[in-house]
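>>> Sequence plus the predicted model coming up.
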Amino acid sequence: MTNAAPHTALTIAGSDSGGGAGVQADLRTFFAHGVHGLVALTAVTVQNSLGVQGFTEIPAEVVRAQIKAVASDMGVDAAKTGMLATAEIIHTVAGTLDEVHIGRGTDTPFVVDPVAASMTGHALLREEALEAIRTELFPRATLITPNLDEVRLLTGVEVTDGASQRQAAEALLEFGSAWVLVKGGHLYDAEDCVDLLTDGAETIELSGPRIATKNTHGGGDTMASAITSALANGADVPAAVSAAKRFIERCVAEAYPLGAGVGPVSPFW
Ligand code: PLP
């Protein structure tokens, strides 16, 4: 007997020893969408609910070899990046994605979550590396998914309302991705959580309830991997983002306490 293979999604990201963010969040999100997860590990973080104590990056050539190994044999229906740690890894990932035909201008969608720091404020990216994400990854991206802190670092725009959120989205599009999703979740005084999705021609506002919980660890990773899962399953970008928004709302609503600090969003429902 031979069963049909599921779609595949590749995460190029770091490990979270606490199991709430990083590749751990990506893999469980892929699983929840019936998608087979492939992994190119970029870094090993040492962290728990109280924060990130440190990280060690994987040699760039090993990151490249992981991507080549799975893409050449198993096939990749969609890919995403999370924590990339260094400019050298970013540069290597960009070149490798070209080699295996993933990203803008190919048939394989590519989502860039420009992870710069954890919500507890610990850097997950060496300082010079943000520029490499902007110049080397954004032009290859089908979609980028910055939160408001990342928007400020990338564009200098401080998002305080809908008008500045639109202004930030326009500035981000200039870096060359096909679509931009500016997530409004960190606009804490807003009543709803409004995300703005645009490709320059079409602009979609996705609104959802703000859910009161301190346990939101891994939320950004889970959102980006839910989008990537839907893309792997054949959805277009607006459909993938709107399905992912419903998925993350449920994960945040079901988030649980674990440890003395910030607990993870939940895959159990
Ligand atoms: N650790 C890893 C490996 C991550 O990839 C991320 C986010 O992308 C984090 C930690 C931070 O997660 P959060 O900001 O949700 O705490």
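Alright, I've got the coordinates.
>>> Give me the buried stretch members for stretch 53-67, please.
Taking 16 or more other CB atoms under 10 Å as the basis for neighbour counts, the residues of stretch 53-67 that come out buried are 55, 57-58, 60, 63-64, 66-67. Just so you know, the C-beta spots here come from the backbone N, C-alpha and C atoms, and that holds for glycine as well.
>>> nearest to the ligand, of the residues you listed?
Nearest to the ligand out of the buried residues of stretch 53-67 is residue 55 (CB to the nearest ligand atom; 7.6 Å).
>>> how near is residue 252 to residue 135?
Between residue 252 and residue 135 the computed distance is 33 Å (CB to CB, to the nearest Å).
>>> same deal with residue 255?
In terms of CB to CB, residue 255 sits 35 Å off from residue 135.
>>> The two: who's more crowded?
residue 255 (22 against 14; other CB atoms under 10 Å).
>>> Excluding chain neighbours, what is closest to that one?
By the measure of CB to CB, 6 or more residues apart in numbering, the closest residue to residue 255 outside its immediate chain neighbours is residue 215, 3.8 Å from it.
>>> What about the closest residue to residue 253 other than its chain neighbours, how many residues nearby?
Spatially, and ignoring its direct neighbours in sequence, residue 253 is nearest to residue 211 (5.4 Å; CB to CB, 6+ apart). For residue 211, the count of nearby residues is 17 (other CB under 10 Å).
>>> The residue lying closest to residue 267 once chain neighbours are set aside: helix or strand, and which one exactly?
Computed as CB to CB, 6+ apart, the closest residue to residue 267 that is not its neighbour in sequence is residue 28, at 4.3 Å. Counting by DSSP states H and E, the secondary-structure element that holds residue 28 is helix 22-32.
>>> Against which helices or strands is that helix packed?
The criterion is 3 or more CB pairs under 8 Å, 6 or more residues apart in numbering; DSSP states H and E, and the helices and strands that helix 22-32 contacts are strand 8-16, strand 36-48, helix 219-232.
>>> Tell me which of the buried residues of stretch 53-67 fall in helices.
60, 63-64, 66-67 (DSSP state H).
>>> any idea how far the residue lying closest to residue 227 once chain neighbours are set aside is from residue 161?
Once flanking residues are discounted, residue 227 sits nearest to residue 244: 4.3 Å by CB to CB, 6+ apart. Remark: distance between residue 244 and residue 161 (CB to CB) = 24 Å.
>>> Give the residue from these two that has the larger number of neighbours.
Taking residue 244 and residue 161 together and counting by other CB under 10 Å, residue 244 has the greater number of neighbours (28 against 13).
>>> ranges for the helices of this protein?
22-32, 60-73, 87-99, 129-132, 148-155, 162-173, 219-232, 237-253.
>>> any idea which of the ones you listed is most buried?
Per-residue neighbour counts averaged over each of the helices of the chain give the maximum for helix 219-232, namely a mean of 28 (mean count of other CB atoms under 10 Å).
>>> beta partners of the closest residue in space to residue 137 that isn't next to it in sequence?
Closest residue to residue 137 apart from its sequence neighbours, by CB to CB, 6+ apart: residue 112 at 4.9 Å. When bridges are assigned using DSSP bridges, the partners listed for residue 112 are residue 81, residue 144.
>>> same check, this time on the one 5 residues further on
Here residue 117 sits in beta bridges with residue 123, as judged by DSSP bridges.
>>> Show the backbone phi and psi for residue 159.
Reported as degrees, to the nearest 10, the phi and psi values for residue 159 are phi -80, psi 120.
>>> Kindly provide the distance from it to the ligand.
Residue 159 sits at a distance of 17 Å from the ligand (criterion: CB to the nearest ligand atom, to the nearest Å).
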